[in-house]
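1. Just need the structure, nothing else, for what follows:
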Amino acid sequence: MQIALTGAASGIGAATVGRLKAAGHHVTAFDIAEPAGVDRWLPVDLSDMDAIADATAQVAGPFDALILNAGLPPRADNAVELLTVNVFGLMAAARALEPKLAPGASIVATASRAGEHWRQNLPQVKALMGLTGPAALPDFVAANQIDPLRAYCLSKEAVVVWTLRQTERLLAKNMRANCVSPSAVDTPILGDFKAALGERAAHSLARVGRAGQPDEIAALIAFLAGPESGWVRGQNVTVDGGMTAMALCDELGLG
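-> Next up is the predicted model:
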């Protein structure tokens, strides 16, 4: 398969490259840093919408899959930049590359367990996705008092909602979209999440026994990108070592 991938240089993206290449696929990567092992690298800052347009214009496709993995973790004072990359960068890359997808193509986006409350926060998610562009984010962030942790959760809620919205539209084009929601994966940015979430992260990790490994997430992404998962459409697949199941048992008194 010919596969386009954003965010390929480290963590889950790098593991996905390794798995795809081991299976004999051709990978075109879009990333600000040079990734190892890809067939073609297009340098691009995914916070820059013009740069995304320029980079994606350099490829012709057709791609059998598009994996939208690029994203930022919550860090001090990065709410605007985070929402720019995680939401507007993702949507811009998807819009630009969709015309270059082959019939039957699969789109896979990386969301997060942090986006699990998208239903409860749907009005704010819709307001975010209804902005004219990232230039409107500073005012939006200020008006809603969004700190970096809330920005991260909101960005992943938006990825889940974006994925759901694509289902019927893409079905008419013989394409599909799904997203993957990992939690606590052992990547270079795990420390950022531990710092942002504090005791909540420590408790969840202790309960499941360990963080996930990037290749465990990459395996699911590769499956969703391939034809074997063709009947899987519009799904948000959580992969978290059992965190969600245990939390639900606690909530419903099923222990």
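2. C-alpha only now, for contacts and for neighbours.
-> Noted.
3. how far does stretch 79-98 sit from the chain's center?
-> What separates the centre of stretch 79-98 from the centre of its chain is 10 Å, taken as Cα atoms, centre = their mean, to the nearest Å.
4. I should have written stretch 70-82 there, sorry.
-> Chain-centre distance of stretch 70-82: 14 Å, with Cα atoms, centre = their mean.
5. Need the contact partners of stretch 212-221.
-> Residues outside stretch 212-221 that contact it (Cα atoms under 8 Å, 6 or more residues apart in numbering) are 11-13, 15-16, 19, 67, 108, 180, 182-187, 239-241.
6. Buried ones in that stretch, by neighbour count?
-> Gly212, Pro214, Asp215, Ile217, Ala218, Ala219, Leu220, Ile221 (16 or more other Cα atoms under 10 Å).
7. Next, format those residues as a markdown table and append pLDDT.
-> Putting these into a markdown table (pLDDT from 0 to 100) gives the following:
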| residue | pLDDT |
| --- | --- |
| Gly212 | 88 |
| Pro214 | 94 |
| Asp215 | 95 |
| Ile217 | 96 |
| Ala218 | 97 |
| Ala219 | 97 |
| Leu220 | 97 |
| Ile221 | 98 |
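8. Write a ChimeraX command that selects only the buried members of the contacts of stretch 212-221.
-> Filtering the contacts of stretch 212-221 down to the buried ones (16+ other Cα under 10 Å) takes a single ChimeraX command:
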select :11,12,13,15,16,19,67,108,180,182,183,184,185,186,239,240,241
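9. State the mean pLDDT of the lengthiest helix in the chain.
-> Looking across the chain with DSSP state H, the single longest helix is helix 148-171. Averaging pLDDT along helix 148-171 gives 97.
10. what comes up buried for that helix?
-> For helix 148-171, burial by neighbour count (16+ other Cα under 10 Å) applies to 148-164, 166-167, 170.
11. Quick one: list the elements packing against that helix.
-> Contacts defined by 3 or more Cα pairs under 8 Å, 6 or more residues apart in numbering; DSSP states H and E place helix 148-171 against helix 79-83, strand 101-110, helix 122-129, strand 176-182.
12. The same query, at a cut-off of 10 Å, please.
-> Judged by 3 or more Cα pairs under 10 Å, 6 or more residues apart in numbering; DSSP states H and E, helix 148-171 is in contact with helix 79-83, helix 90-97, strand 101-110, helix 122-129, helix 137-144, strand 176-182, helix 190-197, strand 236-239.
13. Parallel or antiparallel, list what pairs with the shortest one.
-> Take DSSP bridges as the rule and strand 236-239 pairs in its sheet with strand 176-182 (parallel).
14. same question, the longest one
-> Strand 101-110 sits in its sheet next to strand 63-68 (parallel), strand 176-182 (parallel), going by DSSP bridges.
15. Turn those into a markdown table, columns for mean pLDDT and distance to Ala206.
-> Formatted as a markdown table, the strands paired with strand 101-110 follow (pLDDT from 0 to 100; distance: least, Cα to Cα, whole Å):
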| stretch | mean pLDDT | distance to Ala206 |
| --- | --- | --- |
| strand 63-68 | 98 | 30 |
| strand 176-182 | 97 | 16 |
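16. Nearest to Trp118, out of those?
-> strand 176-182 (12.3 Å; Cα to Cα).
17. Quickly compare the helices and strands packed on helix 148-171 and say which is most buried.
-> strand 176-182 (a mean of 26; mean count of other Cα atoms under 10 Å).
18. Compute the inter-axis angle for that one and helix 148-171.
-> Between strand 176-182 and helix 148-171, the angle comes out at 160 degrees (axes from the mean of the first three to the mean of the last three Cα atoms, to 10 degrees).
19. CA atoms of strand 176-182 as PDB?
-> This file holds the C-alpha atoms of strand 176-182, laid out as PDB (Å, rounded to 0.1, in the frame of the first residue of the first chain):
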ATOM      1  CA  ARG A 176     -13.800   5.500   5.600                       C
ATOM      2  CA  ALA A 177     -12.400   7.000   8.700                       C
ATOM      3  CA  ASN A 178     -11.700   5.700  12.200                       C
ATOM      4  CA  CYS A 179      -9.700   7.000  15.200                       C
ATOM      5  CA  VAL A 180      -7.600   5.400  17.900                       C
ATOM      6  CA  SER A 181      -7.700   6.600  21.500                       C
ATOM      7  CA  PRO A 182      -4.600   5.400  23.400                       C
END
